[in-house]
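*Asks:* Return a 3D structure for these sequence lines:
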Amino acid sequence: MLVIAVQTGSMGGPAGSVGSVGWAGRRHDDDRPDASSGASSAELFDAVFHALHDGEQVALGFDGPLTLPVSADQGAAAAQADADELVRQAGPAATQPGITELGHLLGQLGTWRPWTTVSTSLSRWKANTSILVWEAVPAEGSATVTASAAAESFFRQLQTATEPGPEAAAGTVVNLAAATARQAGLFVDASELGRPAVSITVTGG
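*Replies:* Just a heads-up that it's a prediction; the model follows:
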C-alpha cells in the first residue's frame with residue numbers, strides 16, 4: 001500500500017494550472033517520514049503509476065474539500081437524475097485547488113491505465129479498489145496540514161476510520177473526487193457521486 005498526501009497550498013501557477021505541487025507519503029512497510037516525496041505533478045504521477053503497476057493499492061489524500069454542498073432543489077434534481085447530472089454539477093469546482101491536480105493525475109491514468117478503479121469509500125477500497133481518494137481535514141484549532149502529517153495520520157487511523165454517517169445523506173452533496181474520476185474515464189461506483197468522500201483528521205506535525 002502506498003499512501004500519499006498532496007498539499008494544495010503548494011501548487012504554483014494560476015488557478016487551473018498544474019505542474020508544481022508538493023506531496024509526501026510512504027508505503028505501509030516503510031516507517032521513514034517522507035519516504036516518498038516530490039514537488040511536481042510528473043513525480044506524483046510516476047509514484048502512483050509505478051505503485052499500481054506493481055500491484056499496490058494507493059491512497060491519495062488532498063487537504064482541500066472533496067465534496068460540494070448543493071441546494072435542496074439541486075439535491076432533489078440530482079437524486080432524480082443520472083450520474084452524468086451529478087458530474088455536471090461538479091463542473092464549476094474543476095479549477096479549485098486540489099481538484100485541478102487530481103483531474104490531471106486521473107486524466108493521465110485514464111490514458112495509460114484506463115482499467116484503474118477509483119473510490120472515495122474505505123470499504124470498497126479495502127475490498128478491491130486500486131485508488132482511494134480521501135480528504136485530509138485539519139485538527140481543531142489548526143488551519144493547515146502538512147503532507148507528511150496527513151499521510152501518517154492516515155496510517156494511524158486506517159483501522160478505525162469510518163464512512164460518512166447517515167446525516168450526510170445522498171443528494172446533499174456532489175462528490176468532486178468521484179466526479180473527477182468519472183470525467184477521466186476511470187471506473188467509480190455511481191452511488192459515490194452523491195456521498196461525501198472519506199475524511200481523515202490530521203494530527204501531529
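*Asks:* immediately after the least confident helix or strand in the chain by mean pLDDT, which helix or strand?
*Replies:* In the chain, no helix or strand scores lower on mean pLDDT, DSSP states H and E than helix 72-80, which sits at a mean of 54. The helix or strand immediately downstream of helix 72-80 is helix 83-90, counting by DSSP states H and E.
*Asks:* mean confidence for that following helix?
*Replies:* For helix 83-90, mean pLDDT is 72.
*Asks:* What residues sit buried inside that helix?
*Replies:* Buried residues in helix 83-90, counted by 16 or more other Cβ atoms under 10 Å: 83, 86-87, 89-90. Placement of C-beta: from N, CA and C, glycine included.
*Asks:* who touches it?
*Replies:* 68, 70, 74, 77-78, 174-176, 179-180, 182-183, 190, 193-194 (Cβ atoms under 8 Å, 6 or more residues apart in numbering).
*Asks:* Any regions of this protein where pLDDT drops low?
*Replies:* Scanning the chain for pLDDT under 70 picks out the ranges 9-19, 29-35, 71-83, 92, 161-171, 205.
*Asks:* Look up which residues are beta-bridged to the spatially most central residue of it.
*Replies:* Note on the chain: the residue nearest the mean C-alpha position is V133, at 2.8 Å, using Cα atoms, centre = their mean. Taking DSSP bridges as the rule, V133 bridges to L60.
*Asks:* ok, it to A143 distance?
*Replies:* Look at V133 and A143: by Cβ to Cβ, to the nearest Å, they are 22 Å apart.
*Asks:* next one: T201
*Replies:* 14 Å.
*Asks:* Specify the local secondary structure of P114.
*Replies:* Classification of P114 by DSSP: H, G, I helix; E, B strand; the rest coil places it in coil.
*Asks:* For the closest residue in space to it that isn't next to it in sequence, the count of nearby residues, please.
*Replies:* Nearest residue to P114, sequence neighbours excluded (Cβ to Cβ, 6 or more residues apart in numbering): G185, at 6.0 Å. By the criterion of other Cβ atoms under 10 Å, G185 has 13 neighbours.
*Asks:* for E140, same thing?
*Replies:* E140: 7 surrounding residues under other Cβ under 10 Å.
*Asks:* now the one 3 residues further on
*Replies:* By the other Cβ under 10 Å criterion, the neighbourhood of A143 contains 5 residues.
*Asks:* would you say it is within a strand?
*Replies:* No: read with three-state DSSP, A143 is coil and lies in no strand.
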